[in-house]
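Enquirer: Kindly return the folded structure for what I paste below:
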Amino acid sequence: MAAKQYDIIIIGGGSAGLGALGMAQKFGWKPLLIDKEEAHIGGDCLNFGCVPSKALIHLAKQFHGAKKTSQFGLDMTGKADMQAILDYVHSKQAVIRAHESADYLRAQGVDLAIGTASFVNENTIQVGEDQYTADKIIIATGSRPRHIPFKGIDQVKTHTNESLFYEMSELPEHLLVVGGGPIGCEMAQTFRRFGSEVTIIDRGERILGKELPTYSAILTAQLEKEGIRVVNYASLKEFVSSTSALIELKDGTSETIEFDVALMAIGRVLNLEDLQLEKAGIERDERGKLILDDYLRTTNKCVFASGDAAGMYQFSHGAELHTRLLTHNFKSNFDKKHDARHLSWVTFTQPEIATFGMSPEFMKKHNIDFWQQDQDFGRDDRAIVDEYTYGKVTLYLTQKTFWNKQRKILGGSIIAPNAGELIQELTLAMEAELPIEAIYEKIYAYPVASRINQQTVMGVIEYDKKN
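Expert: All right, here's what the predicted structure looks like:
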């Protein structure tokens with residue numbers, strides 16, 4: 001059986017795969033896109049992640065805002081109609097899917113192969129009975145929710161993000177969220193606002209363990225204010241019935257939690273097991289991740305990884321970063337190394353937590369000297385009227401220079417409503433290596449929320465003048 005020849009083969013039709021496809025089309029290459037199922041083109045972000053979750057969060061904000069009006073005379077009662085909510089979510093997915101679907105891609109002249117892909121040799125892929133070959137292959141197979149076979153789980157009504165947005169047609173009376181990461185926190189708050197009782201159990205000392213401890217504490221306080229119970233240092237031991245879970249606490253004691261639906265948000269695993277990587281000379285490390293060099297190449301130099309499959313970070317815009325790197329290196333005589341120092345991410349709770357750039361841990365490890373500036377929102381006029389004076393900004397900057405106002409931003413975090421938007425000018429300043437003078441001299445419309453960025457920078461400059 002002769003293998004059909006392509007310039008590039010892309011395994012996976014999610015954010016990374018579609019980005020790579022766009023790159024190939026830009027170069028005028030002949031690409032083949034492979035995905036297991038036509039319905040899953042668009043990947044986790046469109047089908048099970050970013051898009052449906054943000055649609056759900058959008059509606060939850062409306063519920064929350066409506067309930068708060070009761071103190072001003074408008075009485076709101078009732079709970080969410082989950083089927084109507086899911087219909088809304090699916091309608092928004094359909095708008096985006098119109099240009100991220102098998103039919104759309106075929107209409108654009110893209111060759112698709114639907115089925116499970118596996119390597120035959122170093123540059124040949126098999127799908128069903130057909131084989132395809134290319135000088136370049138990109139693994140963009142994504143990730144899926146981690147599954148742990150807890151005792152008794154078969155008798156429990158559980159969801160992951162892959163089923164939540166399709167099968168939860170009735171609002172739970174009590175939702176048990178297992179895991180205090182971004183997905184767990186976002187969905188916990190969302191369903192509490194829809195009217196469910198919600199408990200989060202998390203094994204760590206705090207939710208969102210990758211964020212600053214003070215930020216985790218602020219978010220915890222806001223979630224508890226809305227009536228969500230957060231239990232840290234809590235390990236799920238087993239489900240003792242279809243509606244009760246046994247957890248073990250830090251002090252060794254146990255507690256039984258009653259619920260009717262459980263959301264399992266306990267991490268993700270990479271989709272690599274079907275690829276038969278060994279036939280292509282592609283090696284993995286002791287954790288099962290692909291061994292990659294600084295250019296996203298596997299141990300087979302014809303094969304690259306992008307997106308979640310690269311095993312670095314699980315963001316759709318992380319796939320975009322990989323696509324840009326590969327685009328440059330495939331067409332340039334001077335290869336660039338992978339560099340995620342400017343990457344940002346947002347947890348879309350309310351308040352949001354947005355983090356960007358280099359962390360203190362990274363800078364200390366690499367002997368990068370930095371200055372930390374913290375700023376609260378207590379005297380910010382917009383925060384006062386919009387009720388988020390609990391907010392906080394943390395910036396990491398270069399050390400003071402001989403010239404005033406010349407420090408540069410290295411990274412930071414913000415916790416506040418719309419923090420993901422507030423960091424955008426800061427990330428631009430960081431990437432462009434602008435001195436903080438640019439923010440200091442800027443005239444902001446009053447009272448836009450991003451004035452807090454200038455207030456933070458002014459605090460640095462005032463300190464420098466005194467010291």
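
Enquirer: quick one: low-confidence parts of this protein?
Expert: Applying pLDDT under 70 to the chain picks out residues 1.

Enquirer: In it, spot the helix with the most residues.
Expert: For the chain, the helix with the greatest residue count under DSSP state H is helix 50-68.

Enquirer: how about the helices in the stretch 201-350 of the chain?
Expert: Secondary structure of the stretch 201-350 of the chain (DSSP state H, counting those that start in this stretch): helices at 213-225, 316-331.

Enquirer: measure the nearest residue to Gly267 once chain neighbours are set aside to Pro182 for me?
Expert: Spatial nearest neighbour of Gly267, excluding adjacent residues (C-beta to C-beta, 6 or more residues apart in numbering): Arg146 at 4.2 Å. C-beta: built from backbone N, CA, C; applies to glycine. Arg146 is 14 Å from Pro182, where distance means C-beta to C-beta, to the nearest Å.

Enquirer: returning to what we had before: would you mind putting the helices of the stretch 201-350 of the chain into CSV with distance to Ala102 and mean neighbour count alongside?
Expert: Listed next are the helices of the stretch 201-350 of the chain as CSV, based on distance: least, C-beta to C-beta, whole Å; neighbours: other C-beta atoms under 10 Å:
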stretch, distance to Ala102, mean neighbour count
helix 213-225, 39, 17
helix 316-331, 19, 19
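
Enquirer: Same list (those helices) but as CSV, adding distance to Ile247.
Expert: Shown next, in CSV, are the helices of the stretch 201-350 of the chain (distance: least, C-beta to C-beta, whole Å):
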stretch, distance to Ile247
helix 213-225, 18
helix 316-331, 32
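
Enquirer: returning to what we had before: from the contact counts, what lies against the longest helix of the chain?
Expert: Helices and strands touching helix 50-68, by 3 or more C-beta pairs under 8 Å, 6 or more residues apart in numbering; DSSP states H and E, are helix 82-97, helix 161-167, helix 182-194.

Enquirer: please redo it, this time with the cut-off set to 10 Å
Expert: helix 43-47, helix 82-97, helix 161-167, helix 182-194, helix 316-331 (3 or more C-beta pairs under 10 Å, 6 or more residues apart in numbering; DSSP states H and E).

Enquirer: Show the end-to-end separation of stretch 66-76, please.
Expert: Start to finish, the residues bounding stretch 66-76 are 7 Å apart (C-alpha to C-alpha, to the nearest Å).

Enquirer: Strands along the stretch 351-467 of the chain, start to end?
Expert: Here the stretch 351-467 of the chain has its strands, by DSSP state E, counting those that start in this stretch, at 352-357, 371-376, 392-397, 409-416.

Enquirer: now the ones you listed in TSV, with distance to Tyr166 and mean neighbour count?
Expert: TSV is the format used below for these (distance: least, C-beta to C-beta, whole Å; neighbours: other C-beta under 10 Å):
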stretch	distance to Tyr166	mean neighbour count
strand 352-357	26	24
strand 371-376	41	16
strand 392-397	37	23
strand 409-416	31	27
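
Enquirer: now the ones you listed as TSV including distance to Thr160?
Expert: Formatted as TSV, the strands of the stretch 351-467 of the chain follow (distance: least, C-beta to C-beta, whole Å):
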stretch	distance to Thr160
strand 352-357	22
strand 371-376	37
strand 392-397	32
strand 409-416	27
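
Enquirer: Let me know which of the ones you listed is the nearest to Lys92.
Expert: Closest approach to Lys92 among the strands of the stretch 351-467 of the chain (C-beta to C-beta): strand 352-357, 19.7 Å.

Enquirer: Using the three-state scheme, assign Glu100.
Expert: Recorded secondary structure, Glu100: coil (DSSP: H, G, I helix; E, B strand; the rest coil).

Enquirer: Please work out the angle formed by the directions of the lengthiest strand in the chain and helix 316-331.
Expert: With secondary structure taken from DSSP state E, the chain has its longest strand at strand 130-139. Using axes from the mean of the first three to the mean of the last three C-alpha atoms, to 10 degrees, the inter-axis angle of strand 130-139 relative to helix 316-331 is 110 degrees.

Enquirer: Which elements pack onto strand 130-139?
Expert: strand 4-11, helix 15-27, strand 31-35, strand 111-114, strand 117-121, strand 124-127, strand 303-305, helix 316-331.

Enquirer: Identify the residue spatially nearest to Lys279, adjacent ones excluded.
Expert: In space, and not counting its chain neighbours, Lys279 is closest to Phe119: 4.5 Å by C-beta to C-beta, 6+ apart.

Enquirer: Can you name the residues bridging to that neighbour?
Expert: Ile125 (DSSP bridges).

Enquirer: Surely it and Gln126 touch.
Expert: Yes. Using C-beta atoms under 10 Å, Phe119 and Gln126 qualify as a contacting pair, with a distance of 7.7 Å.

Enquirer: Give me the common contacts of those two.
Expert: Contact with both Phe119 and Gln126 is made by residues 276, 279, according to C-beta atoms under 10 Å, 6 or more residues apart in numbering.

Enquirer: Return the distance of the spatially most central residue of the chain relative to Glu38.
Expert: Against the mean C-alpha coordinate of the chain, by C-alpha atoms, centre = their mean, the closest residue is Phe315 at 4.3 Å. Using C-beta to C-beta, Phe315 is found at 25 Å from Glu38.

Enquirer: Check Ile439 too.
Expert: In terms of C-beta to C-beta, Ile439 sits 47 Å off from Glu38.

Enquirer: So these two - more neighbours on which side?
Expert: Neighbour comparison, Ile439 and Glu38: the larger count goes to Ile439, with 23 against 14 (by other C-beta atoms under 10 Å).

Enquirer: List the residues that contact the more buried one.
Expert: Contacts of Ile439 by C-beta under 10 Å, 6+ apart are 405, 409, 425-426, 429, 450, 453-458, 460-461.

Enquirer: What about those residues, which are in helices?
Expert: 425-426, 429, 453-458, 460-461.

Enquirer: Would you mind putting those residues into JSON lines with neighbour count and distance to Thr214 alongside?
Expert: Below are these laid out as JSON lines (neighbours: other C-beta atoms under 10 Å; distance: C-beta to C-beta, whole Å):
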{"residue": "Glu425", "neighbour count": "17", "distance to Thr214": "23"}
{"residue": "Leu426", "neighbour count": "26", "distance to Thr214": "18"}
{"residue": "Ala429", "neighbour count": "18", "distance to Thr214": "23"}
{"residue": "Asn453", "neighbour count": "27", "distance to Thr214": "19"}
{"residue": "Gln454", "neighbour count": "17", "distance to Thr214": "22"}
{"residue": "Gln455", "neighbour count": "17", "distance to Thr214": "18"}
{"residue": "Thr456", "neighbour count": "24", "distance to Thr214": "15"}
{"residue": "Val457", "neighbour count": "28", "distance to Thr214": "20"}
{"residue": "Met458", "neighbour count": "14", "distance to Thr214": "21"}
{"residue": "Val460", "neighbour count": "22", "distance to Thr214": "19"}
{"residue": "Ile461", "neighbour count": "16", "distance to Thr214": "23"}
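
Enquirer: Now render those as CSV, adding distance to Ala2.
Expert: Supplementary listing: these in CSV, determined by distance: C-beta to C-beta, whole Å:
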residue, distance to Ala2
Glu425, 55
Leu426, 54
Ala429, 55
Asn453, 60
Gln454, 64
Gln455, 67
Thr456, 63
Val457, 63
Met458, 68
Val460, 65
Ile461, 69
